[in-house]
Structure formats: C-alpha cells, structure tokens
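Chemist: Pasting the sequence and the predicted model now:
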Amino acid sequence: MRIAILGAGSVGGTLGKGFGARGHQVSYGVRDPAAPAVQAVVAASGPSARAAAPAEAVREAEVVVLATPWEATLELVRGLSLTGKVVVDATNPLAPGLTGLVVAGTSSGGEEVQRSAPGARVVKCFNTTGADNFVDARYPGGPVTMLYAGDDAEAKAIVRTLGAGLRARHGGRGAAQPEPAAGTGGPALDNPGLPGGDGAGDRLPAGAAG
C-alpha cells in the first residue's frame, strides 16, 4: 500500500519504519526532505521509502497519516488534495503544558480535520498511546488497547490492517471519541462500556510493529 506520512518525528517515523518493514511504500511529507534527520528515518523505512514536500508525498498515496504538531495540522490539510484518500489522524489538539485539549466539547481535532478535508475519509487512530508502543505493545496484562473512530467502514478496516499489534476497540462514529482519553492520560482505554465501543477488544493484526 502507498502510505504518505506527514511528519517524520517520533510518531510518524516509528509508524513509517514499521510500515516499511511490512512492505508498504512510505513517503514522508516534510518541509525539508533533505534534512539529515529526515534522511535517517527514510533509510530505516524500507527500500522504497522517500521524503518529499507534503503535496508531492500525498499525490499518489492511498493512505495519508497526519503526524504533525496540532498547531500546524489544519492549515497543512487545507492545502492538500485529499479527496477520496484514507486520512489517519494521529494528532491530538493539546493545549500548552499538556493542560487539556484546545478543541473539545462541541467539536474535536478529528472533526476539524474532516471539516478541513471534506472529501477525505478520516479515521482517528494512533493518538492514545506513546510511539514506543507501536514497536512493542506487549505488557504482562496484555497488549495496549488502541481506540479508533470514523464514519467510513472501509477506511476503518484499512486502518485496522495497518495497526501496530495493538488491541483495537472501536471508539464510535465520527473522528472525535478517542481524543478525550488521550487528553486526560487515557483512563478510558480499556473501558468496554465506551459509547459505541465494541467491548470485545479484538487484537489488530501485526502491522506497524512488523
């Protein structure tokens, strides 16, 4: 699968390396594709990996992962052609000092992403646990649970197959539900009574973790 990842930091880079190890074609969309730190991530992301400007990275992508700082996300999304693409929103609209969410209550970061790219198929995922868990999600009590949410069933199924060996739990329709858990430290991650949740805790197929 052709995957564009906007951002090559801890989240984007970790996911990209895992996707590359599974044979996916990874393109990082970044401001400076030639930066040594970016090229180091590219070199670890499979033989077909590359870095390019965001617009070029997403042009042929089937899936686009948002792994950018929240303050840069919406402006970036509005400037890209994302119609028909599966857009995985791995961001969190965190306030300075991690004091809460700057978008909450009547809206959410995921919903704002969908409004900024109305033709995209947005799925919220990879935002409720640290990037280290994408590499090794195994703990004595079982694997880390990852919430995901979206309106498009096919897009959600695609995101499940790209998972990092995490246990998937459907967070509901729309792209909002996982954000409050992320913004408050995630106490609801293993709550089978979450609104719209599957409660079954199905494990994702091995994905980004390889």
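Modeler: Looks like it came in fine.
Chemist: For the rest of this, base every contact and every neighbour count on C-alpha atoms.
Modeler: Noted.
Chemist: if I look at the residue sitting furthest away from the middle of the chain, how far off is residue 37?
Modeler: Centroid-distance maximum for the chain: residue 140 at 25.2 Å, with CA atoms, centre = their mean. Relative to residue 37, residue 140 is positioned 34 Å away (CA to CA, to the nearest Å).
Chemist: thinking again about what came up before, now do the SS call for the residue farthest from the centre of the chain.
Modeler: The three-state label given to residue 140 by DSSP: H, G, I helix; E, B strand; the rest coil is coil.
Chemist: so who does it touch?
Modeler: If you count contacts by CA atoms under 8 Å, 6 or more residues apart in numbering, residue 140 has none.
Chemist: Where does residue 28 sit: helix, strand or coil?
Modeler: Of the three states, residue 28 takes strand under three-state DSSP.
Chemist: pLDDT weak spots in this structure?
Modeler: Low-confidence segments of the chain, defined by pLDDT under 70: 133-139, 142-144, 164-210.
Chemist: for it, which helix is longest?
Modeler: In the chain, assigned by DSSP state H, the helix with the most residues is helix 10-21.
Chemist: State whether residue 16 and residue 26 are indeed in contact, as I suppose.
Modeler: Yes: using CA atoms under 8 Å, residue 16 is in contact with residue 26, at 6.3 Å.
Chemist: More neighbours: which of the two?
Modeler: Using other CA atoms under 10 Å as the criterion, residue 16 and residue 26 rank with residue 16 on top: 32 against 29.
Chemist: roughly how far apart are that one and residue 111?
Modeler: To residue 111, residue 16 is 24 Å away according to CA to CA.
Chemist: Over to residue 141?
Modeler: 33 Å.
Chemist: Which of the two has more residues huddled nearby?
Modeler: Higher neighbour count among residue 141 and residue 111: residue 111, with 22 against 6, using other CA under 10 Å.
Chemist: how about the host helix or strand of the more buried one: buried residues?
Modeler: Secondary-structure element containing residue 111, defined by DSSP states H and E: helix 109-116. Using 16 or more other CA atoms under 10 Å as the test for burial, helix 109-116 gives 109, 110, 111, 112, 113, 114, 116.
Chemist: list the contacts for residue 121?
Modeler: Residue 121 sits next to 83, 84, 85, 86, 87, 114, 150, 151, 152, 155 when contact means CA under 8 Å, 6+ apart.
Chemist: Mind checking which of these are buried?
Modeler: Among the contacts of residue 121, those classed as buried by 16+ other CA under 10 Å are 85, 86, 87, 114, 150, 155.
Chemist: Show me what the longest helix of the chain is packed up against.
Modeler: When contacts are defined as 3 or more CA pairs under 8 Å, 6 or more residues apart in numbering; DSSP states H and E, helix 10-21 sits against strand 2-6, strand 25-29, helix 36-43, helix 132-135.
Chemist: just checking, residue 127 touches residue 90?
Modeler: Yes: at 4.7 Å, residue 127 counts as touching residue 90 under the criterion of CA under 8 Å.
Chemist: Need the overlap of contacts for residue 16 and residue 26.
Modeler: Residues touching both residue 16 and residue 26 (CA under 8 Å, 6+ apart): 5, 45.
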